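*Asks:* From the sequence below, what's the structure:
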Amino acid sequence: MRARGVLFGFCSAAALGIAGQTLHATPYASGVQKTGTSVSFILNEPADTLTYSINGGAPVSLDGTTKGTKTFTLGSATDKFSIVAEKNAATGFLIPTGGTLTAVPSSGVRIDSPQSGTNLISDDGSILSRYFSPRGVDVNQNPNSPYFGTAFIVNSASGTNTGGNVIGPDSTPATQNVGRTTGDGLYALKADESDAFGNGDTAVNPLNIDSFPAFSTASASSGYRISIGDNDKLFVTDYSDVNGQLFQVDPNISIASGAGVNPTAINILSGFGGPAPVGTTADGTGLPAGQNHGSISAVYTTGSLANGNLVVYGIDEDLNSAHVGTSATQNDRNSLWQWNVGSGGDANGANYSAMPTQLTPGTSTNPAPGFPNYVPGLIGDFPTGGIIVDMTRGSDGKFYLAENRSAGQQDGLIVTDPTGAMIWDSLAASRTLVGDPNAADILTGVGGIDVSPDGKYLAIIQIDNDITILPLVNGVPDLANRLVMDGGTNTANGRDIAFDAAGNLYMLTSGQAMYRAYSPGGHTKTTLSFDGSSYSFVPQTIAAGLGGDFNHDNKVDGADFLVWQNTLGDAASLATWKANFGMSSAAAAASAVPEPASLGMLAFAGVLGLAARKRRSA
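*Replies:* As a prediction, this is how the structure comes out:
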């Protein structure tokens, strides 16, 4: 659930020349497989139009009315191609309904909020949507990966979901006539919600390099959250006291290929487990002397073991400065730490043992005289048992740290610069928003967070299963313009949330025992291209009201005439193109009366006449 939009060929709005636009892409081609001249891919949801083109030629239509596997054939194994999916959806989590969602203090946003629409693109009726103890989810955003678009899910305990109704978004019942038993370990779904590896109901508990299963069955916090790093590796945290650790896992979790039997996991850090009872050691952690971690809740990684440059940023429930040895401070647990792992601690890449560097310290709970007095940051002196926390990093390097607080007397969300220095906290922002210097934080009940690939939005899965969307302005949340989407029955807990490369959202709730995917809505277009050696992926939002922009690149030019010539050919569309030639989305928004682009029109006059003669003689 980590934003990696600057990687893998993702283009921002600025790079695409779409000033002031946001990226609302929904249907897209994922998991492309090319064998000789045969190409197959997964469409994640139905599209209004679905086309492919070969070597820049005319688009060829495919059936986009259903999600699932699509195929086409190249003329030669060396051909280049692109796949374009387009859709105009009036409802989505980025589109306000005009209504208000009532506050759910303690487990959701504390004040009434503008409501966004619900556009569910997964199937609540699918047995693959049910998990007994879901904890973490992330989606592969690398178009050059065979796992592009695959969602990986952590289920932390074995158990059976019974049949019956699950009340979903907008109070819609989803009938489950068959119960499902899920195990302790990893699952994976393709973008169309089909089983990615054919493992069925069987979870994969990866075999660690030490020949023991990675996750302990003794705790429902083992494993916990998941983050997809470079080289497609899965980084799974273990938040339990008995087995606290960070595991790197190979993304091929196919049981048929040996996952769970052959060693596919590496314990990144040295030693296992969180603390003995807090306070039983001089430093107050209960950790063994010299151990460089405790129970790890969430991480973000850069680099890789293979390249010798792995860096892990994470929140640890137990570490404090006294244990690390940088000061005598004991009340700064839940700090943001940086482990410079490199190629690891041994020949297998495991058991890195050096102490981490503290970037953002945990803080004291409401120092005297108590609330409304507070110190910004995550709580570092919480009672035994810990709290729900999460973290991610934006494409600009900013860190986002979150914690579940029910009373709003401490921060639910903070933002730091790339060095860990705090630049924004939600309690202070809440007080500014409501005009009360003693007010509580409105961001209570934070279960998990993620940042969109374009860096425009931060999504929160609330403990009550609602989803809060915060616009980001230069990476800073805009509380005033938040939207909240109804997530169905408010049964705790909403657990985790993640964006895919196209801007769709994926969430897990243990209260409803469900996995869901949602579309942001809007008029969108996604393009997956193969240049003969690698893939790139570009999502776009189509600006409304720009007539003649037939190729939807937010400007009217000669490329649109070629689309008209090849696919339209009617006089009305041609007249619209002529009237708006030379216009862009920004210019159209600034003026309802376009200026004539006479030189450009003259340049096409001969072509137009030729095209008209050809059509009349056809």
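
*Asks:* how close does the closest residue to Asn231 other than its chain neighbours sit to Thr51?
*Replies:* Sequence neighbours aside, Ser304 is the residue nearest to Asn231 in space, at 4.9 Å (criterion: CB to CB, 6 or more residues apart in numbering). Heads up, the C-betas are built off the backbone N, CA and C, glycines and all. Using CB to CB, to the nearest Å, Ser304 is found at 36 Å from Thr51.

*Asks:* And for Leu505?
*Replies:* 26 Å.

*Asks:* ok, back up a step: any idea which element the residue nearest to Asn231 lies in?
*Replies:* For Ser304, there is no host helix or strand (DSSP states H and E).

*Asks:* what sits against it?
*Replies:* Contacts here follow CB atoms under 8 Å, 6 or more residues apart in numbering; on that basis Ser304 touches Gly229, Asp230, Asn231, Lys233, Leu310.

*Asks:* you'd agree the last one is up against Ser343?
*Replies:* Put plainly, it is Leu310. Yes. In this structure, Leu310 is within contact of Ser343 by CB atoms under 8 Å, at 7.4 Å.

*Asks:* and those two? which has more neighbours close in?
*Replies:* A direct count of neighbours by other CB atoms under 10 Å for Leu310 and Ser343 places Leu310 higher, at 26 against 16.

*Asks:* Skipping its backbone neighbours, what lies nearest that one in space?
*Replies:* Val341 (4.2 Å).

*Asks:* Mind checking which of Leu505 and Thr51 has more residues around it?
*Replies:* It is Leu505, of Leu505 and Thr51, that has more neighbours when counted by other CB under 10 Å, with 28 against 19.

*Asks:* what sits against the more buried one?
*Replies:* Contacts of Leu505 (CB under 8 Å, 6+ apart): Phe93, Asp450, Ala459, Ile467, Ile497, Ala498, Phe499, Ala517, Tyr518, Pro520.

*Asks:* Look up how far Leu43 lies from the second one.
*Replies:* In other words, Asp450. Taken as CB to CB, the span from Asp450 to Leu43 is 23 Å.

*Asks:* on that earlier part again, compare the contacts of Leu505 and tell me which has the most neighbours.
*Replies:* Counting by other CB under 10 Å, top hit in the contacts of Leu505: Ala498 with 31 neighbours.

*Asks:* which SSE is that residue in?
*Replies:* Residue-wise, Ala498 maps onto strand 494-499 under DSSP H and E.

*Asks:* Sheet partners, orientation included, of that strand?
*Replies:* The pairing partners recorded for strand 494-499 under DSSP bridges are strand 505-509 (antiparallel).

*Asks:* Determine the next helix or strand in the C-terminal direction from the strand it pairs with.
*Replies:* That would be, after strand 505-509 and using DSSP H and E, strand 514-518.

*Asks:* chain center to that next one, what's the gap?
*Replies:* Remark: strand 514-518 is offset 12 Å from the chain centroid, using CA atoms, centre = their mean, to the nearest Å.

*Asks:* Check stretch 49-57 too.
*Replies:* 28 Å.

*Asks:* Name the residues of that stretch that come out as buried.
*Replies:* Leu50, Thr51, Tyr52, Ser53, Ile54 (16 or more other CB atoms under 10 Å).

*Asks:* Identify the residue nearest Val139 in space, chain neighbours excluded?
*Replies:* Nearest to Val139 is Asp500, by CB to CB, 6+ apart, at 4.2 Å.

*Asks:* measure that neighbour to Ser122 for me?
*Replies:* Applying CB to CB, the value for Asp500 to Ser122 is 12 Å.

*Asks:* hmm, back to that, would JSON lines of the contacts of Ser304 with pLDDT and secondary structure be doable?
*Replies:* Shown next, in JSON lines, are the contacts of Ser304 (pLDDT from 0 to 100; DSSP: H, G, I helix; E, B strand; the rest coil):
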{"residue": "Gly229", "pLDDT": "97", "secondary structure": "coil"}
{"residue": "Asp230", "pLDDT": "91", "secondary structure": "helix"}
{"residue": "Asn231", "pLDDT": "92", "secondary structure": "helix"}
{"residue": "Lys233", "pLDDT": "98", "secondary structure": "coil"}
{"residue": "Leu310", "pLDDT": "98", "secondary structure": "strand"}
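
*Asks:* By neighbour count, which of those residues wins?
*Replies:* That'd be Leu310 among those, by other CB under 10 Å, with 26 neighbours.

*Asks:* which residues touch that residue?
*Replies:* Gly229, Ile268, Thr301, Thr302, Gly303, Ser304, Val341, Gly342, Ser343, Gly344.

*Asks:* Of these - the most surrounded one?
*Replies:* Ile268 (26 neighbours).

*Asks:* before we move on, the earlier item: measure the residue nearest to Val139 to Gly179 for me?
*Replies:* Distance from Asp500 to Gly179, by CB to CB: 29 Å.

*Asks:* Pick out whichever of these two has more residues nearby.
*Replies:* Asp500 (26 against 13).

*Asks:* ok, that one - contacts?
*Replies:* Applying CB under 8 Å, 6+ apart, the residues contacting Asp500 are Tyr28, Asn44, Val139, Gln141, Gly149, Ala151, Ala191, Tyr506.

*Asks:* Show the contacting residues for the most centrally placed residue in the chain.
*Replies:* Geometric centre of the chain, nearest residue: Phe499, 2.1 Å, by CA atoms, centre = their mean. Phe499 sits next to Met1, Ala3, Val139, Gln141, Asp450, Val451, Ser452, Pro453, Ala459, Leu505, Tyr506 when contact means CB under 8 Å, 6+ apart.

*Asks:* Looking at stretch 186-198 now, give me its mean pLDDT.
*Replies:* Here stretch 186-198 scores 98 as its mean pLDDT.

*Asks:* Around Leu359, how many other residues sit close by?
*Replies:* Leu359: 18 neighbours (other CB under 10 Å).

*Asks:* does it sit in a helix or strand, and which one?
*Replies:* Using DSSP H and E, Leu359 falls in strand 357-360.

*Asks:* Each with direction, which strands does that strand pair with?
*Replies:* strand 336-342 (antiparallel).
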